[in-house]
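Student: Predicted model, plus sequence, below.
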Amino acid sequence: MDNIPQQSHRVIRHTDEISLEKHYSIQDLVQLWSLSAQTIRRLFQDEPEVVAIGSTGHRKRRYVTLRIPESVAQRVHRRLRKADSRARR
């Protein structure tokens, strides 16, 4: 029993922390980042740890609500800043 790798404990703790942190809606980030809802949705739709609520259903359009943990929003923002700084060089 004492042979459980420490990393597994960190993964569980990280998941618990994410579930308790602030989660943003698409509209929250539209206002904070001054981007369109479509752009925010595209940036986060395949991002790990984003909560997707809804169904794909049999309708023409999928209705899915995204909730973005604060740490994920920060990670994506850092990635966008790095890409922007490289493009300016």
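Tutor: Okay, I see it.
Student: Would you pull up how far the helix or strand containing Ser85 lies from the middle of the chain?
Tutor: Per DSSP states H and E, Ser85 falls inside helix 70-88. Its chain's average C-alpha position is 13 Å from that of helix 70-88, according to Cα atoms, centre = their mean, to the nearest Å.
Student: now stretch 19-33
Tutor: Centroid separation for stretch 19-33 versus its chain: 9 Å, with Cα atoms, centre = their mean.
Student: How about residues contacting it?
Tutor: Residues from elsewhere that reach stretch 19-33 (Cβ atoms under 8 Å, 6 or more residues apart in numbering): 35-37, 40-41, 44, 51, 65-71, 73, 77. (Each C-beta comes from the backbone N, C-alpha and C, glycine too.)
Student: Show me which residues of it are buried.
Tutor: For stretch 19-33, the neighbour count (16 or more other Cβ atoms under 10 Å) marks His23, Tyr24, Ile26, Leu29, Val30, Trp33 as buried.
Student: Looking at those, which are in strands?
Tutor: Assigned to strands by DSSP state E, the following of those qualify: His23, Tyr24.
Student: got a markdown table for the buried residues of stretch 19-33, with pLDDT and distance to Ala83 too?
Tutor: Shown next, in a markdown table, are the buried residues of stretch 19-33 (pLDDT from 0 to 100; distance: Cβ to Cβ, whole Å):
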| residue | pLDDT | distance to Ala83 |
| --- | --- | --- |
| His23 | 96 | 24 |
| Tyr24 | 97 | 21 |
| Ile26 | 97 | 21 |
| Leu29 | 98 | 17 |
| Val30 | 98 | 20 |
| Trp33 | 97 | 14 |
